[in-house]
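> below are the sequence and a predicted model for it; my questions follow.
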Amino acid sequence: MNDWAPSSILLPQGPPKPFCLIQLNQPIVHVHLFERLWANATIRLCADGGTNRLYDAFENSPEKRDKHLPDEIRGDLDSIRPEVRAFYEAKGVTVTRIEDQNSTDFTKCVCLMKEKEAKLGIKDLDVVAMSAIGGRFDQTIASINTLYFMKHEKNRHYVLVSDENLTILLDKGIHHLQCSEYDGPTCGVMPIGSPATITTKGLEWNLDNTPCFFGGMVSTSNAIAAECVVIETDSPVVWTSELRPENVK
Ligand SMILES: Nc1ncnc2c1ncn2[C@@H]1O[C@H](COP(=O)(O)OP(=O)(O)OP(=O)(O)O)[C@@H](O)[C@H]1O
Ligand SMILES: Cc1ncc(C[n+]2csc(CCO)c2C)c(N)n1
(Lines give C-alpha, C1' and ligand atoms only; values in the text may rest on other atoms or scores of the structure.)
(Ligands and ions follow the chains in the order given, each with its own letter.)
Protein backbone atom coordinates (compact mmCIF):
# COMPACT_ATOMS: atom_id res chain seq x y z
CA MET A 1 0.00 0.00 0.00
CA ASN A 2 2.93 2.37 0.44
CA ASP A 3 4.03 2.06 -3.20
CA TRP A 4 1.45 3.75 -5.30
CA ALA A 5 0.70 6.08 -8.21
CA PRO A 6 -2.20 8.32 -7.12
CA SER A 7 -2.66 9.68 -10.65
CA SER A 8 -3.20 6.12 -11.97
CA ILE A 9 -6.91 6.80 -11.33
CA LEU A 10 -6.71 8.73 -14.63
CA LEU A 11 -5.12 6.07 -16.84
CA PRO A 12 -6.96 5.63 -20.16
CA GLN A 13 -6.78 1.83 -19.85
CA GLY A 14 -8.38 1.98 -16.39
CA PRO A 15 -6.93 2.13 -12.89
CA PRO A 16 -4.77 -0.66 -11.43
CA LYS A 17 -7.08 -0.76 -8.38
CA PRO A 18 -10.87 -0.26 -8.64
CA PHE A 19 -12.36 2.80 -7.04
CA CYS A 20 -15.64 4.46 -6.09
CA LEU A 21 -16.15 7.97 -7.42
CA ILE A 22 -18.02 10.37 -5.12
CA GLN A 23 -19.16 13.64 -6.66
CA LEU A 24 -19.31 16.48 -4.12
CA ASN A 25 -20.96 19.85 -4.35
CA GLN A 26 -18.39 21.90 -6.26
CA PRO A 27 -18.36 22.82 -9.95
CA ILE A 28 -16.97 20.27 -12.41
CA VAL A 29 -14.42 22.45 -14.20
CA HIS A 30 -12.53 19.88 -16.28
CA VAL A 31 -15.39 17.87 -17.74
CA HIS A 32 -13.08 15.63 -19.79
CA LEU A 33 -11.15 14.72 -16.63
CA PHE A 34 -14.43 14.01 -14.85
CA GLU A 35 -15.49 11.76 -17.74
CA ARG A 36 -12.25 9.79 -17.43
CA LEU A 37 -12.82 9.29 -13.70
CA TRP A 38 -16.41 8.31 -14.36
CA ALA A 39 -15.34 5.77 -16.98
CA ASN A 40 -12.68 4.36 -14.63
CA ALA A 41 -14.98 4.08 -11.58
CA THR A 42 -16.61 0.85 -10.41
CA ILE A 43 -19.25 2.61 -8.26
CA ARG A 44 -20.42 6.20 -8.83
CA LEU A 45 -22.20 8.15 -6.10
CA CYS A 46 -23.41 11.72 -5.78
CA ALA A 47 -23.43 13.53 -2.45
CA ASP A 48 -26.59 15.65 -2.30
CA GLY A 49 -25.77 18.92 -4.15
CA GLY A 50 -23.02 17.08 -6.03
CA THR A 51 -25.87 15.78 -8.17
CA ASN A 52 -26.52 19.34 -9.39
CA ARG A 53 -22.89 19.51 -10.50
CA LEU A 54 -23.18 16.27 -12.47
CA TYR A 55 -26.39 17.50 -14.10
CA ASP A 56 -24.91 20.92 -14.91
CA ALA A 57 -21.69 19.47 -16.35
CA PHE A 58 -23.73 18.06 -19.23
CA GLU A 59 -25.88 21.14 -19.76
CA ASN A 60 -25.12 21.14 -23.48
CA SER A 61 -25.10 17.40 -24.09
CA PRO A 62 -28.37 15.68 -23.16
CA GLU A 63 -27.11 12.33 -24.50
CA LYS A 64 -24.15 12.43 -22.14
CA ARG A 65 -26.42 13.49 -19.28
CA ASP A 66 -28.58 10.44 -19.96
CA LYS A 67 -25.53 8.15 -19.97
CA HIS A 68 -23.94 9.47 -16.77
CA LEU A 69 -26.38 8.08 -14.19
CA PRO A 70 -25.00 7.62 -10.66
CA ASP A 71 -25.54 4.38 -8.78
CA GLU A 72 -27.17 6.33 -5.96
CA ILE A 73 -27.63 9.82 -4.56
CA ARG A 74 -27.32 10.30 -0.81
CA GLY A 75 -27.20 13.11 1.74
CA ASP A 76 -29.40 15.26 3.89
CA LEU A 77 -30.88 16.46 0.58
CA ASP A 78 -30.97 20.13 1.43
CA SER A 79 -28.94 21.07 -1.66
CA ILE A 80 -30.12 18.93 -4.58
CA ARG A 81 -32.43 20.98 -6.84
CA PRO A 82 -35.97 19.58 -7.28
CA GLU A 83 -35.69 19.32 -11.08
CA VAL A 84 -32.35 17.52 -10.78
CA ARG A 85 -33.76 15.04 -8.28
CA ALA A 86 -36.81 14.49 -10.51
CA PHE A 87 -34.57 13.91 -13.57
CA TYR A 88 -32.49 11.17 -11.93
CA GLU A 89 -35.44 9.56 -10.13
CA ALA A 90 -37.24 9.33 -13.47
CA LYS A 91 -34.18 7.45 -14.78
CA GLY A 92 -34.45 4.96 -11.91
CA VAL A 93 -31.66 6.32 -9.71
CA THR A 94 -32.23 5.71 -5.99
CA VAL A 95 -32.14 8.81 -3.82
CA THR A 96 -31.68 8.26 -0.05
CA ARG A 97 -32.05 10.92 2.61
CA ILE A 98 -29.98 10.57 5.78
CA GLU A 99 -30.87 13.23 8.28
CA ASP A 100 -27.71 12.96 10.44
CA GLN A 101 -26.40 16.46 11.23
CA ASN A 102 -23.13 15.18 12.70
CA SER A 103 -21.61 13.85 9.50
CA THR A 104 -21.00 15.42 6.10
CA ASP A 105 -22.67 14.28 2.92
CA PHE A 106 -19.21 13.14 1.78
CA THR A 107 -18.89 10.73 4.72
CA LYS A 108 -22.52 9.64 4.27
CA CYS A 109 -21.49 8.56 0.75
CA VAL A 110 -18.44 6.71 2.08
CA CYS A 111 -20.86 4.72 4.28
CA LEU A 112 -23.06 4.12 1.24
CA MET A 113 -20.07 2.81 -0.70
CA LYS A 114 -19.37 0.32 2.09
CA GLU A 115 -23.01 -0.83 2.01
CA LYS A 116 -22.71 -1.36 -1.74
CA GLU A 117 -19.43 -3.23 -1.37
CA ALA A 118 -21.09 -5.61 1.09
CA LYS A 119 -24.01 -6.20 -1.31
CA LEU A 120 -21.68 -6.81 -4.26
CA GLY A 121 -19.34 -9.01 -2.24
CA ILE A 122 -16.34 -6.79 -2.94
CA LYS A 123 -14.09 -4.82 -0.60
CA ASP A 124 -11.33 -2.26 -0.39
CA LEU A 125 -12.43 -0.07 -3.27
CA ASP A 126 -10.38 3.11 -3.29
CA VAL A 127 -12.31 6.35 -2.91
CA VAL A 128 -11.96 9.25 -5.33
CA ALA A 129 -13.79 12.39 -4.23
CA MET A 130 -14.27 14.95 -6.94
CA SER A 131 -13.98 18.64 -6.11
CA ALA A 132 -13.22 17.98 -2.47
CA ILE A 133 -10.98 21.03 -2.08
CA GLY A 134 -11.79 24.64 -2.88
CA GLY A 135 -14.96 26.55 -2.24
CA ARG A 136 -15.81 26.74 1.44
CA PHE A 137 -12.79 26.47 3.71
CA ASP A 138 -14.65 24.53 6.42
CA GLN A 139 -15.80 21.99 3.81
CA THR A 140 -12.24 21.72 2.50
CA ILE A 141 -10.98 21.02 6.01
CA ALA A 142 -13.82 18.51 6.47
CA SER A 143 -12.60 16.71 3.32
CA ILE A 144 -9.05 16.57 4.67
CA ASN A 145 -10.40 15.44 8.04
CA THR A 146 -12.15 12.59 6.23
CA LEU A 147 -8.70 11.41 5.04
CA TYR A 148 -7.55 11.36 8.68
CA PHE A 149 -10.78 9.77 9.85
CA MET A 150 -10.33 6.88 7.40
CA LYS A 151 -6.61 6.44 8.08
CA HIS A 152 -7.14 3.10 9.84
CA GLU A 153 -8.40 1.59 6.55
CA LYS A 154 -5.04 0.24 5.51
CA ASN A 155 -6.17 -1.38 2.25
CA ARG A 156 -8.03 1.59 0.83
CA HIS A 157 -6.65 4.78 -0.70
CA TYR A 158 -8.59 8.03 -0.57
CA VAL A 159 -7.86 10.64 -3.26
CA LEU A 160 -9.25 14.17 -3.17
CA VAL A 161 -9.47 15.59 -6.68
CA SER A 162 -9.76 19.33 -7.17
CA ASP A 163 -9.38 21.62 -10.17
CA GLU A 164 -5.62 21.87 -9.73
CA ASN A 165 -4.51 19.03 -7.43
CA LEU A 166 -4.65 15.42 -6.33
CA THR A 167 -4.40 15.24 -2.53
CA ILE A 168 -3.87 12.20 -0.31
CA LEU A 169 -2.88 11.35 3.24
CA LEU A 170 0.34 9.43 3.84
CA ASP A 171 0.39 7.51 7.11
CA LYS A 172 3.58 7.26 9.11
CA GLY A 173 6.15 5.11 7.29
CA ILE A 174 8.01 5.15 3.97
CA HIS A 175 6.08 5.86 0.78
CA HIS A 176 7.13 5.50 -2.85
CA LEU A 177 4.87 7.67 -4.99
CA GLN A 178 5.07 7.07 -8.73
CA CYS A 179 4.42 10.29 -10.62
CA SER A 180 3.16 10.49 -14.19
CA GLU A 181 2.40 12.92 -16.98
CA TYR A 182 -0.71 13.90 -14.98
CA ASP A 183 1.33 15.12 -11.99
CA GLY A 184 3.27 18.29 -11.35
CA PRO A 185 5.10 20.48 -11.64
CA THR A 186 4.32 21.66 -8.10
CA CYS A 187 3.65 19.63 -4.97
CA GLY A 188 3.43 19.98 -1.19
CA VAL A 189 4.10 17.89 1.91
CA MET A 190 2.02 19.24 4.76
CA PRO A 191 1.86 18.05 8.38
CA ILE A 192 -1.74 19.11 8.89
CA GLY A 193 -2.81 16.79 11.72
CA SER A 194 0.28 16.97 13.89
CA PRO A 195 3.99 17.78 13.63
CA ALA A 196 6.05 15.28 11.62
CA THR A 197 9.73 14.66 11.02
CA ILE A 198 10.10 14.13 7.28
CA THR A 199 12.76 12.94 4.84
CA THR A 200 12.14 13.10 1.08
CA LYS A 201 13.81 12.10 -2.17
CA GLY A 202 12.80 13.15 -5.67
CA LEU A 203 11.72 16.70 -4.89
CA GLU A 204 13.38 19.92 -5.94
CA TRP A 205 13.66 20.96 -2.27
CA ASN A 206 14.11 17.78 -0.23
CA LEU A 207 13.61 17.47 3.51
CA ASP A 208 16.27 15.67 5.52
CA ASN A 209 14.95 14.45 8.86
CA THR A 210 13.35 17.88 9.08
CA PRO A 211 10.86 18.69 11.85
CA CYS A 212 7.77 20.05 10.06
CA PHE A 213 4.88 21.79 11.78
CA PHE A 214 2.51 24.72 11.37
CA GLY A 215 4.29 27.83 12.51
CA GLY A 216 7.57 26.32 11.33
CA MET A 217 8.46 24.31 8.21
CA VAL A 218 5.61 23.29 5.91
CA SER A 219 6.77 22.23 2.44
CA THR A 220 4.59 24.12 -0.03
CA SER A 221 5.39 25.28 -3.58
CA ASN A 222 7.82 22.37 -3.84
CA ALA A 223 8.33 20.63 -7.20
CA ILE A 224 8.44 17.03 -8.41
CA ALA A 225 11.94 16.25 -9.66
CA ALA A 226 11.82 12.46 -10.25
CA GLU A 227 9.41 9.80 -11.47
CA CYS A 228 9.43 8.27 -8.00
CA VAL A 229 9.09 10.52 -4.97
CA VAL A 230 10.04 8.92 -1.65
CA ILE A 231 8.60 10.30 1.57
CA GLU A 232 9.49 9.00 5.01
CA THR A 233 7.50 10.42 7.89
CA ASP A 234 6.98 9.59 11.57
CA SER A 235 3.42 11.02 11.58
CA PRO A 236 0.68 11.29 8.94
CA VAL A 237 1.23 14.04 6.35
CA VAL A 238 -0.85 15.38 3.49
CA TRP A 239 0.71 15.04 0.02
CA THR A 240 -0.60 17.12 -2.83
CA SER A 241 0.56 17.15 -6.45
CA GLU A 242 -0.50 19.64 -9.05
CA LEU A 243 -2.72 18.17 -11.72
CA ARG A 244 -2.15 18.51 -15.48
CA PRO A 245 -5.69 18.11 -16.86
CA GLU A 246 -4.42 18.97 -20.34
CA ASN A 247 -2.61 15.61 -20.39
CA VAL A 248 -5.84 13.68 -19.84
CA LYS A 249 -6.75 12.97 -23.46
N1 LIG B 1 -18.59 25.09 -0.77
C2 LIG B 1 -18.02 23.88 -0.72
N3 LIG B 1 -16.70 23.75 -0.81
C4 LIG B 1 -16.11 22.52 -0.79
N5 LIG B 1 -16.78 21.37 -0.68
C6 LIG B 1 -18.10 21.45 -0.57
C7 LIG B 1 -18.79 22.71 -0.58
N8 LIG B 1 -20.10 22.47 -0.46
C9 LIG B 1 -20.23 21.15 -0.36
N10 LIG B 1 -19.04 20.51 -0.42
C11 LIG B 1 -18.85 19.06 -0.37
O12 LIG B 1 -19.93 18.46 -1.03
C13 LIG B 1 -20.69 17.63 -0.12
C14 LIG B 1 -22.15 17.81 -0.42
O15 LIG B 1 -22.47 19.15 -0.15
P16 LIG B 1 -23.91 19.78 -0.08
O17 LIG B 1 -23.77 21.24 -0.34
O18 LIG B 1 -24.79 19.00 -0.93
O19 LIG B 1 -24.35 19.54 1.38
P20 LIG B 1 -24.26 20.42 2.66
O21 LIG B 1 -25.47 20.04 3.41
O22 LIG B 1 -23.97 21.84 2.42
O23 LIG B 1 -22.97 19.78 3.21
P24 LIG B 1 -22.82 18.88 4.48
O25 LIG B 1 -24.18 18.43 4.84
O26 LIG B 1 -21.96 17.74 4.07
O27 LIG B 1 -22.17 19.80 5.45
C28 LIG B 1 -20.25 18.08 1.27
O29 LIG B 1 -20.32 17.01 2.18
C30 LIG B 1 -18.84 18.51 1.04
O31 LIG B 1 -17.96 17.39 1.05
C1 LIG C 1 -19.46 20.29 16.96
C2 LIG C 1 -20.30 20.34 15.73
N3 LIG C 1 -20.06 21.31 14.83
C4 LIG C 1 -20.81 21.38 13.73
C5 LIG C 1 -21.85 20.50 13.53
C6 LIG C 1 -22.73 20.66 12.34
N7 LIG C 1 -22.55 19.71 11.28
C8 LIG C 1 -21.50 18.90 11.16
S9 LIG C 1 -21.58 17.94 9.77
C10 LIG C 1 -23.03 18.67 9.31
C11 LIG C 1 -23.63 18.31 8.00
C12 LIG C 1 -24.90 17.67 8.01
O13 LIG C 1 -25.35 17.50 6.67
C14 LIG C 1 -23.45 19.60 10.23
C15 LIG C 1 -24.69 20.43 10.15
C16 LIG C 1 -22.06 19.48 14.49
N17 LIG C 1 -23.03 18.54 14.35
N18 LIG C 1 -21.26 19.42 15.58
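Yep, it's here. Ligands and ions are numbered 1, 2, ... in the order given.
> mind listing what's buried in stretch 203-211?
For stretch 203-211, the neighbour count (16 or more other CB atoms under 10 Å) marks Leu203, Asn206, Leu207 as buried. No exception for glycine: its C-beta is placed from N, CA and C like everyone else's.
> in TSV: these, plus secondary structure.
Converted to TSV, the buried residues of stretch 203-211 look like this (DSSP: H, G, I helix; E, B strand; the rest coil):
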residue	secondary structure
Leu203	strand
Asn206	coil
Leu207	coil
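> over to whichever residue of the chain sits closest to ligand 1: give its phi and psi.
In the chain, the residue that lies nearest ligand 1 is Gly135 (2.5 Å; CB to the nearest ligand atom). Torsion angles at Gly135 (phi, psi; degrees, to the nearest 10) stand at phi 70, psi -130.
> ok now stretch 181-191, how far from the chain's centre?
Offset of stretch 181-191 from its chain centre (CA atoms, centre = their mean, to the nearest Å): 14 Å.
> before we move on, what about stretch 147-166?
Using CA atoms, centre = their mean, the offset of stretch 147-166 from its chain centre is 6 Å.
> could you do stretch 210-228 as well?
For stretch 210-228, the distance to the chain centre is 21 Å (CA atoms, centre = their mean).
> and for stretch 25-33?
Using CA atoms, centre = their mean, the offset of stretch 25-33 from its chain centre is 13 Å.
> list the contacts for the residue most central in space within the chain?
Taking CA atoms, centre = their mean, the centroid of the chain lies closest to Leu160, which sits 2.2 Å from it. By CB atoms under 8 Å, 6 or more residues apart in numbering, the contact set of Leu160 is Ala129, Ala132, Ile133, Ser143, Ile144, Leu147, Leu166, Thr167, Ile168.
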